[in-house]
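**Q** Fold the following.
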Amino acid sequence: MLLTSARAALARGPARKLMRPAIGIRFHSQEAHAPAPVGTYALFDNYVAKLQPHVKEITAKELNDKFNEGPEGPPETYHVVDVRETDEFNQGHLPFAIYLGRGNLERDIEALIPDTYDDVILYCAGGKRSIVAADSLQRMGYKNVRSLKGGFVGWKEEGYKILKHSSPVYTARMDYKTVPGLYEHEK
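**A** Below is the predicted model:
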């Protein structure tokens, strides 16, 4: 009973004013907030366009030349990072690539690439997510970050080598704790 009368008092008092819309405020209908058609990424594309001038890019040819520079591939200070989803990586990836999905990149990069002066080449499917990822790593202090222009699709279209595995290398619920040193900071 006490609770009911408290609610009634609030409904009559100053709190009621908070529940009423102000004059002149129009609430949008659901039609005004209809989702964008599938494949429409105007906000994301605009965001990438703002970041792109601040991110260096490398072409597929330049990266392939780096892979063929030495008898064992690129130098140890040269890291190629696949930031796509696990299922994309499992369908095929670039040679020498390590997988570090976009969702864990900022948290886990330091355990895999502790030297902020090493070369870090990021790629995704089309080259846009990797631009966002490269910008993020630059803000974290990585000095030599580049995004693969055209991404995996561009690499594939150029006819360069793709690695495929008979079974998934990573699963969506991979235990990242298997990577040595990755969670040392949590101890």
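**Q** mind checking how far Ile113 is from Lys156?
**A** 25 Å (Cβ to Cβ, to the nearest Å). (C-beta placed from N, C-alpha, C; glycine too.)
**Q** My error: substitute Glu72 in the last question.
**A** Distance, Glu72 to Lys156, using Cβ to Cβ: 24 Å.
**Q** can you give me the strands for the protein?
**A** 56-58, 78-82, 97-99, 119-123, 144-148 (DSSP state E).
**Q** ranking the ones you listed by burial, who's on top?
**A** Among the strands of the chain, strand 119-123 has the highest mean neighbour count (mean count of other Cβ atoms under 10 Å), at a mean of 26.
**Q** So what touches that one?
**A** With contact meaning Cβ atoms under 8 Å, 6 or more residues apart in numbering, strand 119-123 is reached by 58, 63, 77-84, 94, 97, 109, 113, 130, 133-134, 137, 142, 144-148, 151-152, 155.
**Q** Stretch 124-131 now?
**A** Stretch 124-131 is contacted from outside by 44-45, 48, 51-52, 55, 57, 82-84, 88, 102, 122-123, 133, 147-154, using Cβ under 8 Å, 6+ apart.
**Q** swap the cut-off to 6 Å and go again
**A** For stretch 124-131, contacts defined as Cβ atoms under 6 Å, 6 or more residues apart in numbering pick out 48, 51-52, 55, 83-84, 102, 122-123, 147, 149-153.
**Q** Find me whatever residue is spatially closest to Gly151, sequence neighbours aside.
**A** Spatial nearest neighbour of Gly151, excluding adjacent residues (Cβ to Cβ, 6 or more residues apart in numbering): Gly127 at 3.9 Å.
**Q** Starting from Glu57, give me the distance back to the one you found.
**A** Separation of Gly127 from Glu57 (Cβ to Cβ): 8 Å.
**Q** between the two, what contacts are shared?
**A** The contact sets of Gly127 and Glu57 overlap at Lys149 (Cβ under 6 Å, 6+ apart).
**Q** lowest-pLDDT helix or strand in this structure?
**A** Lowest by mean pLDDT, DSSP states H and E among the helices and strands of the chain is helix 14-19, with a mean of 51.
**Q** Give me the neighbour count for the nearest residue to His54 once chain neighbours are set aside.
**A** Nearest residue to His54, sequence neighbours excluded (Cβ to Cβ, 6+ apart): Asp135, at 6.3 Å. Asp135 sits with 19 neighbouring residues when counted by other Cβ atoms under 10 Å.
**Q** How about the one 5 residues further on?
**A** A total of 13 residues lie near Met140 under the criterion other Cβ under 10 Å.
**Q** pLDDT below threshold where in the protein?
**A** Across the chain, the ranges flagged by pLDDT under 70 are 1-39, 168, 170-187.
**Q** Recalculate using a threshold of 50.
**A** Low-confidence segments of the chain, defined by pLDDT under 50: 27, 29-30, 176-177, 181-187.
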